[in-house]
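> 3D, please:
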Amino acid sequence: MHIKRANKHPNVQELLHVLDTANELIIIRDIDGTIRYLNKGAERLFGRSHEEVIGRHIRELVHANDPDPFEHVSRGVSQRGFWRGDVKVTLPNGEPKQLHLNASLVPNNPTAVVVIGTDLTEKYELDEKFLRAQRLELVGTLSAGMAHDLNNVLTPIVLAADLFDSSQTEAKLKRLKNVMIQGCLRATAIVHQLLSFSRGHKDAMLVLQTKHLLYEIVNLVRETFPERIKVEESFGGNLWPIKGNPTQFHQILMNLCVNARDAMAAGGTLTLTAENITLHENFCIEVPEARPGQFLKLCIIDTGTGISPENLKMLWRPFFTTKPVGKGTGLGLPTVKRLLEDEHSGFLRLLTESGKGTRFELYFPSAEPGAKTNGIEYHRGNGDSILVLEPDTAVRAGVELGLEHIGYVPISARTVEEAGEHIKAQRFLPKLAILDPSVKDSITLIRAVLPGIPIVALGIQGTESMVEPGITCLMKPASKIQLASAVYRALLKKHAPTTARN
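Numbering: from 1, shown residues only. A predicted model of the protein is given here:
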């Protein structure tokens, strides 16, 4: 099947003209992927002419370094006769694109496939802006509670620090130390949650072990919701991992928790549960959105006002809200539905009755069997030296103490120049460098002195975007175990250099 543009048959010419006027991309290819036809819409998108690509494989339309974005399309067509979904591609000029494709076998010709696609890149960019705005709305909603909780965290730290002197007994000093450590850990968790949630991480789809994320949400809710709302949780053991985005996972559950809070203005109980569940055909008949398989089932249950039948019909429409003007945008539930269904391939079930509370059931597909999640490795050093480049005196001192405690010898510097002087004067070869990536050109200059040295970037949330791949990131503030883990992981990536440069 080879379609030529210069065909004298008027019906074919008319058909080709219609196809060329379409904004969508239209491709006809063989079952093995060989291109037989490309319309003008596809030519404009891919920057390749019809004549240039005829007879070539469809994967040649995108950047050669891409993994084949059409592989699962071909598999779906081969198995079911059609495929529908989104793919991410990079054009030959390096421009990323997000495409929605419909591929199906051509009727009466089982060796040919027609692919019709729409460029959704602009929509995805707008969606990302919308989701960030909606996250910031939630942060604003929770900010008063966060401020209150941070003050509660700082009060015992300040009091304990004031009492921390040699006149105290050993038992009391230990108790004061524990109060300060626990307070710092709580404050760190709140700050990290706030930064991670407000910024988000685009395209970060990971294999998630959700139990610790669920406890983060429970703690945040307990710390920020009014005391009249009792929070309970019940999370089963050995929950199946899911493939998802941690920030979006937070956003889904926090939207539902905030909705539950608003439905219990006079007080009540908010319950979060999680369990593994295998769905069978009978359940799928009852719930049309469901499909058979293994799922992580999460429930958010409140004892609030419930949802009336009239409002239930409008519930998923953007900007629909029953709250007073200025109290809600009507974007929370549509966001939940879109993130769960489109981004995580899950579905939800809503059970509610006016005056008797609401129950949201969320079903996330379990990750593939054998999928692994990362744990923390903690290995002690063996007296090796580590260069610490940090301009802040207090942070530098803390890192030094932490490294000494886990078996390393820290050599500290405030600037890159000072670090270079230490290295030349003492002729030592540090095994690794820990530095603040916000110090201008620190990574480049340290590598000029010590080529190939492993580096740990000690920064704030978002440091990952400031450094090149391969550099280990450690977020401030860090515990002893987190510091040890980062050093160990960085040393695994690359061996230390054998000679210093004069």
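
> which residue ranges form the strands in the stretch 201-350 of the chain?
206-208, 229-235, 242-244, 268-279, 293-302, 347-352 (DSSP state E, counting those that start in this stretch).

> Those strands: lowest mean pLDDT?
Sorting the strands of the stretch 201-350 of the chain by mean pLDDT places strand 206-208 lowest, at a mean of 82.

> Arg380 touches Gly407, doesn't it?
Yes - with contact defined as C-beta atoms under 8 Å, Arg380 reaches Gly407; the gap is 4.1 Å. Any C-beta I mention is one placed from the backbone N, CA and C, and that applies to glycine too.

> So between these two, which is more surrounded?
Using other C-beta atoms under 10 Å, the more surrounded residue of Arg380 and Gly407 is Gly407, with 14 against 11.

> Next, that one: phi, psi?
For Gly407, the backbone dihedrals (degrees, to the nearest 10) come out as phi 100, psi 20.

> And for it, nearest residue in space, chain neighbours not counted?
Gly381 (3.5 Å; C-beta to C-beta, 6 or more residues apart in numbering).

> and the one you found, what does it touch?
403, 406-408, 487 (C-beta atoms under 8 Å, 6 or more residues apart in numbering).

> and Gly85, that's in a strand?
Yes - according to DSSP: H, G, I helix; E, B strand; the rest coil, Gly85 belongs to a strand.

> okay, it: pLDDT?
Gly85 is given a pLDDT of 80.

> now it, nearest residue through space, not along the chain?
Leu101 (6.7 Å).

> Please narrow the contacts of Gly381 to those residing in helices.
403, 487 (DSSP state H).

> between the contacts of Gly381, which is nearest Asn311?
Val487 (54.5 Å; C-beta to C-beta).

> Just give the number of residues close to that closest one.
29.

> got a list of what the closest residue to Phe235 other than its chain neighbours touches?
Excluding its sequence neighbours, the residue lying closest to Phe235 (C-beta to C-beta, 6+ apart) is Ala274, at 4.5 Å. Applying C-beta under 8 Å, 6+ apart to Ala274 gives the contacts 210-211, 214, 234-236, 239, 296-299.

> one more time with 7 Å, if that's ok
210, 214, 235-236, 239, 296, 298 (C-beta atoms under 7 Å, 6 or more residues apart in numbering).

> and what of Gly55?
34-35.

> Now it. Its backbone dihedrals?
phi 90, psi -10.

> Quick check: the gap between it and Arg222.
64 Å (C-beta to C-beta, to the nearest Å).

> ok, now Ser308?
In terms of C-beta to C-beta, Ser308 sits 29 Å off from Arg222.

> ok, the two, which is more surrounded?
Shown here are Ser308 and Arg222; by other C-beta under 10 Å, Arg222 has more neighbours (16 against 13).

> what's the neighbour count on Glu390?
22.

> give the contact list for the nearest residue to it once chain neighbours are set aside.
Closest residue to Glu390 apart from its sequence neighbours, by C-beta to C-beta, 6+ apart: Arg396 at 4.1 Å. Counting by C-beta under 7 Å, 6+ apart, Arg396 touches 388, 390, 412.

> Include pLDDT, distance to Gly420 and secondary structure when you put these into TSV, please.
Converted to TSV, the contacts of Arg396 look like this (pLDDT from 0 to 100; distance: C-beta to C-beta, whole Å; DSSP: H, G, I helix; E, B strand; the rest coil):
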residue	pLDDT	distance to Gly420	secondary structure
Val388	91	14	strand
Glu390	87	15	coil
Ser412	87	13	strand
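
> could you redo those residues as JSON lines and give each row distance to Ser74?
Shown next, in JSON lines, are those (distance: C-beta to C-beta, whole Å):
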{"residue": "Val388", "distance to Ser74": "52"}
{"residue": "Glu390", "distance to Ser74": "52"}
{"residue": "Ser412", "distance to Ser74": "56"}
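
> Which of those residues sits closest to Val449?
Of the contacts of Arg396, the one sitting nearest to Val449 (C-beta to C-beta) turns out to be Val388, at 14.7 Å.

> isn't the closest one right next to Pro410, touching?
Yes - shown here, Val388 and Pro410 form a contact pair, counting by C-beta atoms under 7 Å, at 5.0 Å.

> And the pLDDT at the residue nearest to Gly407?
Reported pLDDT for Gly381: 79.
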